[in-house]
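In: for reference, the sequence and a predicted model appear below.
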Amino acid sequence: MNSEARFRRQALDTCLALTPLLFMGVYFYGPRVLILTLISVLTALVTDYFCLLMQGERRFRKGDFSALVTGYLFAMLLPASAPYWLVVVGAVFAMAVVRHPFGGHYNTMFNPALTAFAFVTICWTDVVTSYPTPRTVLPLSATVENLALSTSPAYRLMHGGAENIDLLNALLGNFYGPLGATSILVLLCCGIFLIVRKTIIWQIPVATLGIVALFSLILPRVNASLPTSLILELISGVLLFSVLFVASMDNGELQTTSGKWVYGIILGLFVVLFRHISKIELVTPFAIIIMNAIDHKCDDYAANIVRYGGAFCEDAWLILKWLGGQIGRFFVFLWNKLFALFQKIIDK
């Protein structure tokens, strides 16, 4: 399969996998979710069209669904209460500032949707990180006013607090958070679908989530039981959504299995580091943006680890072997001296 066909299939698979999350959003917050998503997608498509016009192209490229995917992904990262103007600003930024100047047609260096989300998170942090109560039908107005909004588990984790979420509510998504990032059970099913379709690289989410899980047990941020810390770290923020739908996409940069594992491990370490030092609760997009810049080097990193790691192990074995020989000679010498001393005592 050539790269164009692969990217086209990835885009369609991604849209298909995002649809159950959209339905869950409608279930929790009402039809406003549909309008928000439609505005994001249409804005991305219109901006893409005008950018193509400025480049001398008078129509969309055949089979290019990247604008559709960008708008869809961006909407799923937002709270259901996000004002429509914020959706428009983010979608325009994704296409006009990130996608076309940095590569354009399936060659973008940074993921447009995630970069746009990072942009609006920095500029309008309070708006992006305030969430309506699940199972509340939101008004269809452009801005949601006089509505009780709350922070997410990620915010409380950042400040050392533990959210009291039982496992069932965590799996079903019945807690405060971004539109497409809280339905954990649906997200896992979508991830399995994308893995079966070979749309995403399975080693990356396994490595990333494994590192986050490991450090949630070694360096917990909350004074709670280890299982509680583990669950909260894995479900909070946009970690699972971003890793499955963005970080793990097979863009052809990673050619070796070891390189994929290295990518996932480094990404997980960045997520853990940012979660411990950042003043923003949604840090996974920033970690992935950094990885977008160095993903093409992960194969080299893996090869160097194997090469120098093997040489290190070989040298370490030789040193241990030499030390073992010296220690053995010392004990033989000590035994001979003690035996001679014992013989003298007996002779007397």
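Out: Nice, I can see it.
In: assess the claim that Leu68 and Leu45 are in contact.
Out: Yes. In this structure, Leu68 is within contact of Leu45 by Cβ atoms under 8 Å, at 6.8 Å. All C-beta spots, glycine's among them, are computed from the backbone N, C-alpha and C.
In: Ile204 versus the most centrally placed residue in the chain, what's the distance?
Out: Central residue of the chain (Cα atoms, centre = their mean): Val243, 3.1 Å from the mean position. Distance of Val243 to Ile204, given as Cβ to Cβ, to the nearest Å: 7 Å.
In: any shared contact partners between those two?
Out: Residues touching both Val243 and Ile204 (Cβ atoms under 8 Å, 6 or more residues apart in numbering): Leu267.
In: for Leu53, helix, strand, or coil?
Out: Put simply, Leu53 is helix when judged by DSSP: H, G, I helix; E, B strand; the rest coil.
In: and it, how many neighbours?
Out: 11 (other Cβ atoms under 10 Å).
In: over to Val88?
Out: 17.
In: and it, what helix or strand is that in?
Out: helix 84-92 (DSSP states H and E).
In: hmm, who's touching stretch 6-25?
Out: Residues contacting stretch 6-25 (Cβ under 8 Å, 6+ apart): 1, 33-34, 37, 63-66, 68-69, 72-73, 76, 80, 106, 173, 179-180, 183, 186-187, 189-190, 193-194, 197, 199, 245, 249-250, 252.
In: is Thr37 in a helix, a strand, or coil?
Out: Three-state call for Thr37 (three-state DSSP): helix.
In: nearest residue to it other than its sequence neighbours?
Out: Of all residues not flanking Thr37 in the chain, Ala75 sits nearest, at 4.2 Å (Cβ to Cβ, 6 or more residues apart in numbering).
In: give the contact list for the one you found.
Out: By Cβ under 8 Å, 6+ apart, the contact set of Ala75 is Leu36, Thr37, Ile39, Ser40, Val41, Val87, Leu179, Gly180.
In: coming back round to it: tell me how far the residue nearest to the centre of the chain lies from Tyr263.
Out: For Val243, the distance to Tyr263 - Cβ to Cβ - is 11 Å.
In: got any residues that touch both of these two?
Out: In contact with both Val243 and Tyr263: Ile204, using Cβ under 8 Å, 6+ apart.
In: phi first, then psi, for Ser150.
Out: Here is the backbone geometry of Ser150 (degrees, to the nearest 10): phi -140, psi 170.
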